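> Using only what follows, build the 3D model:
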Amino acid sequence: MNISSSFGETCAKSLINYHNELNASFNIHIYNNNHIYKDKVIFVMGATGTGKSKLSIDIANHIPAEIINCDKIQVYKGLNTLTNKVTQEESQGIRHHLLGFIDDPNADYNVTHFRNDAILAIESIIEQNKHPIIVGGSNSFIESLINGDSYFMSRYECCFLWVDVNLPVLDRFVSKRVDQMVESGLVDEVREIFDPEGDYTRGIRRAIGVPELDRFLRAEKDGFVDKGALDILLKIAIDEIKVNTYNLACRQVNKIRKMKDFWGWDLHHIDATDAFLKDKTEERNEAWERLVVRPSVLCVRDFLRATRSSGMQSKSKAPSTTVIKEVVSSMATVPAVI
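Numbering: from 1, shown residues only. Now for the predicted structure:
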């Protein structure tokens, strides 16, 4: 009888150990109340120019986190100004993954590559007891990871932050930003990679700003056009960059709305328009902190505190969008560091 009891205890302990190891390997945690917990991933979404990268860094300064780039052009090395990559100073010491790590400018980096690389980065971050923040405007990459990868779907729970700016306001901001990029050396960057035989449908040359400068750079290279004509070609190219960037922003917003409606994602909509309307730097920073950072951090902290996983949301679930702006006024007294 004692032998049977000892054997039973040994078997039970072995099963428990196996069960725990299996759950750990799958990033799924089982607790005493039989609730299932998943590791958590934060997504910062939005159109180009809305401040996604800035917000992700601001959030990472409030929680232990690292950032995973989800911009299909920023994965390539080079064109730092044109692609608006975060600088070392702007990163504030927060580690960024999948940013400027592909050497071959002609490489075809697709959704499958991103899914594989993103999952490896997520697991690496979680192993350090930090939280992954995925940020970028390549919504097809996000959609493929969340709803096209069974491994991710079964192991992770998501929080979606959608930072948004009124499109006419964003249009004016994007136009100014392009002018600033030109002053910071955008044309010189593109000139360095210019290839008359280059393929503008592959790799980093797909970036807005590269195809648009083709006629100007060809004329400049040929040397048969006077300075006045070159100046006109350059102005045309810059105007095209502004228009195409705004059109990209419109497509990105439409894609986010479609994903929300189709998949039923619970998007926390953060309206940053008022911050963009401020002319003075001090006022703009204050508005950004109050209207964007604080409610976003509150949302993320609530998400991380939640104990029971609700699982992935499917197409059959009614779509919902939490509009953060509606509750901002009640958060005015929340301290900057939460």
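
> Which stretches in this protein count as strands?
28-30, 36-45, 65-69, 96-97, 131-135, 156-164, 266-271, 320-323 (DSSP state E).

> now those in a markdown table, with mean pLDDT and distance to residue 118?
Backbone N, C-alpha and C define where each C-beta goes, glycine included. Shown next, in a markdown table, are the strands of the chain (pLDDT from 0 to 100; distance: least, Cβ to Cβ, whole Å):
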| stretch | mean pLDDT | distance to residue 118 |
| --- | --- | --- |
| strand 28-30 | 55 | 18 |
| strand 36-45 | 92 | 9 |
| strand 65-69 | 98 | 6 |
| strand 96-97 | 98 | 8 |
| strand 131-135 | 98 | 7 |
| strand 156-164 | 97 | 11 |
| strand 266-271 | 95 | 19 |
| strand 320-323 | 45 | 24 |
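
> would a markdown table of these with mean neighbour count be doable?
Output for the strands of the chain, formatted as a markdown table (neighbours: other Cβ atoms under 10 Å):
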| stretch | mean neighbour count |
| --- | --- |
| strand 28-30 | 14 |
| strand 36-45 | 21 |
| strand 65-69 | 25 |
| strand 96-97 | 21 |
| strand 131-135 | 25 |
| strand 156-164 | 23 |
| strand 266-271 | 21 |
| strand 320-323 | 14 |
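
> can you redo those as a markdown table with distance to residue 212?
A markdown table is the format used below for the strands of the chain (distance: least, Cβ to Cβ, whole Å):
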| stretch | distance to residue 212 |
| --- | --- |
| strand 28-30 | 47 |
| strand 36-45 | 26 |
| strand 65-69 | 23 |
| strand 96-97 | 27 |
| strand 131-135 | 25 |
| strand 156-164 | 26 |
| strand 266-271 | 30 |
| strand 320-323 | 34 |
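
> Between the ones you listed, which one is closest to residue 195.
strand 65-69 (25.2 Å; Cβ to Cβ).

> That closest one packs against which elements?
On a contact count with 3 or more Cβ pairs under 8 Å, 6 or more residues apart in numbering; DSSP states H and E, strand 65-69 meets helix 52-60, strand 96-97, helix 111-127, strand 131-135.

> mind checking which of those is nearest residue 89?
Closest among the helices and strands packed on strand 65-69, using Cβ to Cβ: helix 52-60, at 10.9 Å.

> one step back: so which of the strands of the chain gets nearest residue 260?
Closest among these, using Cβ to Cβ: strand 266-271, at 5.1 Å.

> Paired strands for that closest one, with orientation please.
strand 156-164 (parallel), strand 320-323 (parallel) (DSSP bridges).

> Can you report how many residues neighbour residue 70?
Residue 70 is flanked by 25 other residues according to other Cβ atoms under 10 Å.

> scratch that, residue 232 is what I was asking about
13.

> wait, what's in contact with it?
Residue 232 makes contact with no residue, according to Cβ atoms under 8 Å, 6 or more residues apart in numbering.

> what's the distance between it and residue 245?
Residue 232 sits 21 Å away from residue 245, going by Cβ to Cβ, to the nearest Å.

> got it, and residue 258?
Distance from residue 258 to residue 245, by Cβ to Cβ: 21 Å.

> Pretty sure residue 208 sits against residue 246.
No - Residue 208 is beyond contact range of residue 246, at 10.1 Å (criterion: Cβ atoms under 8 Å).
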